[in-house]
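>>> quick one, fold the following:
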Amino acid sequence: MAKDKKLVEGITSMDVDFAQWYTDVVKKAELCDYTSVKGCMVIKPAGYAIWENIQKELDRRFKETGVQNVYLPMFIPESLLQKEKDHVEGFAPEVAWVTHGGLEPLQERINELEETYGLEIYFGPEVPDLIATYQVDQLLDYDEISFSIDKLETLLEYYPTNFFSQLFYGDFKGIRIYIGSTLSAISSTDVTSPGAFLCACNNH
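Purely as a prediction, here's the structure:
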């Protein structure tokens, strides 16, 4: 009977589910915890101390055999992963795919809109903090900028090709569009919401 009694409540029996048992033990011992990012965990001090000891001992043993350490990149191209697809089959849920880096793909979309409609469009670090009588906050989030470009593209579809480059008024020519997170008048009165556009004439 004593053999069947669980020593610690809240921990799955090893014989029932080994993977869950391991997770339960690690969490109960406060070695690590989950984060808001799927697949990532916080290694707590006790857990990291164990890792440091394991690393130290293994490092000593490896170096006794003449092995040297090397640091490899965290990310690899998908093409290399495809070459090893037979080896990694079944691991797809564990792979974090990076679909974009930086803002370059967005700049390509912007360039197409500028060429089609005769505009100048600025976003991210290109947007100044102050435009005329408005305080502007830069918009740096990839998804939000992409959403704003989608909205802008929908609006521009109502205009013919090269429409805005034909606009003249005295010394002013064409239209410049800034994509910012918020626009506030100098009087601090909120003007609009995230993903706002501010149009300005260009003085050439």
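>>> ok, so what distance separates residue 32 from residue 40?
Per CB to CB, to the nearest Å, residue 32 is found 10 Å from residue 40. In this view, the C-beta of every residue, glycine as well, is placed from N, C-alpha and C.
>>> which one's more surrounded, those two?
Neighbours were counted for residue 32 and for residue 40 using other CB atoms under 10 Å; residue 32 has more, 17 against 9.
>>> mind checking pLDDT for that one?
We have a pLDDT of 91 for residue 32.
>>> from memory it sits against residue 43, does it?
Yes. Judged on CB atoms under 8 Å, residue 32 makes contact with residue 43 at a distance of 5.0 Å.
>>> for the protein, give me the ranges with low pLDDT.
Scanning the chain for pLDDT under 70 picks out the ranges 1-8, 38-39, 77-79, 81-82, 84-102, 132-133, 168-174, 183, 185-204.
>>> ok, which stretches of it are helices?
Assigned by DSSP state H, the helices in the chain fall at 18-28, 45-64, 78-83, 104-117, 142-156.
>>> turn those into JSON lines, columns for distance to residue 128 and mean neighbour count.
Compiled in JSON lines, the helices of the chain are given as follows (distance: least, CB to CB, whole Å; neighbours: other CB atoms under 10 Å):
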{"stretch": "helix 18-28", "distance to residue 128": "49", "mean neighbour count": "14"}
{"stretch": "helix 45-64", "distance to residue 128": "44", "mean neighbour count": "11"}
{"stretch": "helix 78-83", "distance to residue 128": "38", "mean neighbour count": "10"}
{"stretch": "helix 104-117", "distance to residue 128": "17", "mean neighbour count": "15"}
{"stretch": "helix 142-156", "distance to residue 128": "16", "mean neighbour count": "15"}
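>>> is residue 34 in a bridge, and if so with what?
residue 41 (DSSP bridges).
>>> and it, how many neighbours?
12.
>>> domains in this structure, by residue range?
2-94, 104-203 (automatic domain parsing).
>>> so which of the helices of the chain is nearest residue 11?
helix 18-28 (4.2 Å; CB to CB).
>>> can you list the residues that contact the closest one?
8, 10, 11, 12, 13, 14, 32, 33, 47 (CB atoms under 8 Å, 6 or more residues apart in numbering).
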